[in-house]
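**Student:** requesting a structural model of the entry that follows:
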Amino acid sequence: MDFPYHPRIMTYTGLLVNPFDLQADTIVLEDIAHGLACCNRFTGQAIKPITVAQHSVYVSRLVEEHGARVALQGLLHDASEAYLGDVSKLVKHTPEMAWFRTIEDRAQAVIFRKFDCDKTQHPAVTDADKLMLRYEAPRAFGYRWQTVDNSVDNAPTTADEEARIGKWAPLNWRMAEDAFVAQYRRLDRLLQLQKQAVASL
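**Tutor:** Numbers count the residues shown, from 1 in each chain. As a prediction, this is how the structure comes out:
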């Protein structure tokens, strides 16, 4: 019997998208922002839910010293999850999920290309992502938090690191979506101004 389903989702803006074969012309910033704002970190198991959108905004802010293009990559580093959802790292990296990693990597590459980000993740983005994990996890799970991933340094965040992160509290999905869109627009303006400055030389 033929498999009766075809991989399609309807996005926030009403597009029909195949997340297994994501195309640049079907990627819309508003869909990414809304999808990530409605997607919770830690597979939704946290006592205090933290959206992927909020996480992405903080990663982006942490790497702004490396320039607007790196900050944009930080904002979009988990953007494929807007179409594929959040899967725990320790589940995703099992042999059984190799097919999923291929699809996710392909979707992420298309998104980076769409927004003119380098296809290879900047080391500063990777470091900021790990820092936010160390910061968010205890706040998400409270006293019950225990390390599940031995590959990640689980040392408590230092006063200096928390000063870099700045003011933080869990945002509801609408606030997280607004913050994501605002960060994108600000970075996009900076990048457009940089392009205009180069063109005028």
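**Student:** state the mean pLDDT of stretch 79-90.
**Tutor:** Averaged across stretch 79-90, pLDDT comes to 94.
**Student:** which parts of it are buried?
**Tutor:** When burial is assessed from 16 or more other C-beta atoms under 10 Å, stretch 79-90 yields the following buried residues: 79-84, 86. C-beta: built from backbone N, CA, C; applies to glycine.
**Student:** do the same with stretch 55-69
**Tutor:** 55-64, 66-69.
**Student:** what's the span of it, first residue to last?
**Tutor:** Stretch 55-69 has an end-to-end distance of 18 Å (C-alpha to C-alpha, to the nearest Å).
**Student:** quick revisit: the buried residues of stretch 55-69: which two are farthest apart?
**Tutor:** Using C-beta to C-beta, the pair of the buried residues of stretch 55-69 lying farthest apart is His55 and Gly67, separated by 20.6 Å.
**Student:** picking that back up, including distance to Pro123 and secondary structure, could the buried residues of stretch 79-90 go into TSV?
**Tutor:** Converted to TSV, these look like this (distance: C-beta to C-beta, whole Å; DSSP: H, G, I helix; E, B strand; the rest coil):
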residue	distance to Pro123	secondary structure
Ala79	19	coil
Ser80	20	coil
Glu81	21	helix
Ala82	24	helix
Tyr83	26	helix
Leu84	24	helix
Asp86	23	coil
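**Student:** and the top helix by length along the chain, what's buried?
**Tutor:** Determined from DSSP state H, the single longest helix within the chain is helix 173-199. By 16+ other C-beta under 10 Å, the buried positions in helix 173-199 come out as 173, 176-177, 179-181, 183-184, 187, 190-191.
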